[in-house]
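Q: Here is a sequence together with a model predicted from it:
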Amino acid sequence: MNRCGVCKKKVGLMGFNCKCEEGPFCGEHRYPESHDCTFDYKEEGRESISKNNPVVKGEKMRDRC
């Protein structure tokens with residue numbers, strides 16, 4: 001039987017998994033703040049933004065004078 005990684009409560013078949021992969025968590029400890037998560041969500045967000053939004057630069061305009 002699966003148990004919560006923090007409080008050892010039984011979570012049944014559908015425990016909450018986290019990206020830190022420390023094990024299934026109960027409903028009370030499913031959030032990163034409540035189980036001292038080691039996964040860096042900010043870095044993942046920065047990487048996905050930079051990957052999905054490439055830098056677009058246009059040519060410089062020349063003076064007509």
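A: Perfect, I can see it now. As the structure is a computational prediction, the values presented were derived from the model and not from experiment.

Q: Which residue lies nearest the spatial centre of the protein?
A: Within the chain, the residue whose C-alpha comes closest to the C-alpha centroid is Y41; the distance, by CA atoms, centre = their mean, is 4.0 Å.

Q: Please list all residues in contact with it.
A: The neighbours of Y41, taking CB atoms under 8 Å, 6 or more residues apart in numbering as the test, are 19, 32. (Glycine included, C-beta is placed from N, CA and C.)

Q: same check, this time on P24
A: Taking CB under 8 Å, 6+ apart as the criterion, P24 is in contact with 2-5, 11, 15-17.

Q: can you do 6 Å?
A: For P24, the contacting residues are 2, 11, 15, 17, by CB atoms under 6 Å, 6 or more residues apart in numbering.

Q: Now, of those residues, which are buried?
A: Buried residues within these, defined by neighbour count using 16 or more other CB atoms under 10 Å: 11, 15.

Q: I'd like the contacts of P24 laid out as a markdown table, including pLDDT and distance to I49.
A: Formatted as a markdown table, the entries for the contacts of P24 read as follows, by pLDDT from 0 to 100; distance: CB to CB, whole Å:
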| residue | pLDDT | distance to I49 |
| --- | --- | --- |
| N2 | 86 | 34 |
| V11 | 90 | 33 |
| G15 | 85 | 30 |
| N17 | 89 | 24 |
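
Q: Count the neighbours of the closest residue to G27 other than its chain neighbours for me.
A: Nearest residue to G27, sequence neighbours excluded (CB to CB, 6 or more residues apart in numbering): F16, at 7.0 Å. Neighbours of F16 under the rule other CB atoms under 10 Å: 15.
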